[in-house]
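Chemist: I would like the atomic coordinates for the input below:
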Amino acid sequence: MGGITDLGINLPILVAQVINVVILFVLLYVVAYKPIMRMLDERSRRIKEGMEQAEAVKEQAAHAEEEIKKQLEAASREGQERIARAIKSGDEIRQKSQEDARQDAEILVTRARADISRERDEAIGELRKEFAELTILAAEKVIDRSLDKRAHRELIDKVLQESSGLKKE
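Modeler: Prediction:
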């Protein structure tokens, strides 16, 4: 074994160093490599979970956005329906008001016509009375004697009725 020592390699020291290196690797494997690998695996797992959560949040946001869009469309439709109902209700109220006003106007016109007719009849009656009295007075003055007022009045009323009958025909 002279050749190995000629190279400056001492076998017992080499074996001790190889054993030391192997022990160092075993210690590093146990103390450093396994915990580092465990820590890297844990970190990789957390990153993967974070990515999955981010994807889930993104998907939820898309669903929420779609749901909000549906709700906005539904609210818009409901708003349009309410506006349509309000317009229809307004039209109905306006038509009812116009109908009520027309009926009130017809009632007023009917009352006014009845009042005018009644007042006209009263005026004609008063005029007949006055005319009969004036006719009697005029006849008394012309004849210069007193006539039977009752008989004379009946005669005048009869003439007036005949004359009003002629006017109506």
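Chemist: At the geometric centre of this structure, which residue do we find?
Modeler: residue 82 (3.2 Å; CA atoms, centre = their mean).
Chemist: ok, it to residue 89 distance?
Modeler: Here residue 82 is placed at a distance of 10 Å from residue 89 (CB to CB, to the nearest Å). C-beta here means a position set from N, CA and C on the backbone, and glycine is covered the same way.
Chemist: so where's the protein shaky on pLDDT?
Modeler: The chain contains residues with pLDDT under 70 at 1-6, 138-147, 163-169.
Chemist: so residue 58 is in which element?
Modeler: helix 34-143 (DSSP states H and E).
Chemist: so how far is that helix off the chain centroid?
Modeler: Centre-to-centre, helix 34-143 and its host chain are 10 Å apart (CA atoms, centre = their mean, to the nearest Å).
Chemist: Residues touching the following helix or strand past that helix, excluding its own?
Modeler: Per DSSP H and E, the first helix or strand lying C-terminal to helix 34-143 is helix 149-168. Defining contact as CB atoms under 8 Å, 6 or more residues apart in numbering, one finds that helix 149-168 is touched by 124, 128, 131, 132, 135, 136, 139.
Chemist: OK, contacts around residue 120?
Modeler: With CB under 8 Å, 6+ apart as the criterion, no residue contacts residue 120.
Chemist: how far away is it from residue 126?
Modeler: 11 Å.
Chemist: Over to residue 77?
Modeler: Taken as CB to CB, the span from residue 77 to residue 126 is 72 Å.
Chemist: Now for the contacts of helix 149-168: which two are most distant?
Modeler: The largest separation in the contacts of helix 149-168, counting by CB to CB, is between 124 and 139 at 21.7 Å.
Chemist: buried subset of the contacts of helix 149-168?
Modeler: Buried members of the contacts of helix 149-168, counted by 16 or more other CB atoms under 10 Å: 128, 132, 135, 136.
Chemist: Can I get stretch 30-50 in PDB? Just the C-alpha atoms.
Modeler: In PDB, the C-alpha atoms belonging to stretch 30-50 read as follows (Å, rounded to 0.1, in the frame of the first residue of the first chain):
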ATOM      1  CA  VAL A  30     -31.900  14.700   9.700                       C
ATOM      2  CA  VAL A  31     -31.400  18.200  11.100                       C
ATOM      3  CA  ALA A  32     -31.500  20.400   8.100                       C
ATOM      4  CA  TYR A  33     -32.700  18.600   4.900                       C
ATOM      5  CA  LYS A  34     -35.900  17.000   6.400                       C
ATOM      6  CA  PRO A  35     -37.100  20.200   8.200                       C
ATOM      7  CA  ILE A  36     -36.200  22.400   5.100                       C
ATOM      8  CA  MET A  37     -38.000  20.000   2.800                       C
ATOM      9  CA  ARG A  38     -40.900  19.900   5.300                       C
ATOM     10  CA  MET A  39     -40.900  23.700   5.400                       C
ATOM     11  CA  LEU A  40     -40.700  23.900   1.600                       C
ATOM     12  CA  ASP A  41     -43.500  21.400   1.200                       C
ATOM     13  CA  GLU A  42     -45.600  23.300   3.800                       C
ATOM     14  CA  ARG A  43     -44.900  26.500   1.900                       C
ATOM     15  CA  SER A  44     -45.800  24.900  -1.400                       C
ATOM     16  CA  ARG A  45     -49.000  23.600   0.100                       C
ATOM     17  CA  ARG A  46     -49.900  27.000   1.500                       C
ATOM     18  CA  ILE A  47     -49.200  28.600  -1.900                       C
ATOM     19  CA  LYS A  48     -51.300  26.000  -3.600                       C
ATOM     20  CA  GLU A  49     -54.100  26.600  -1.000                       C
ATOM     21  CA  GLY A  50     -53.800  30.300  -1.600                       C
END
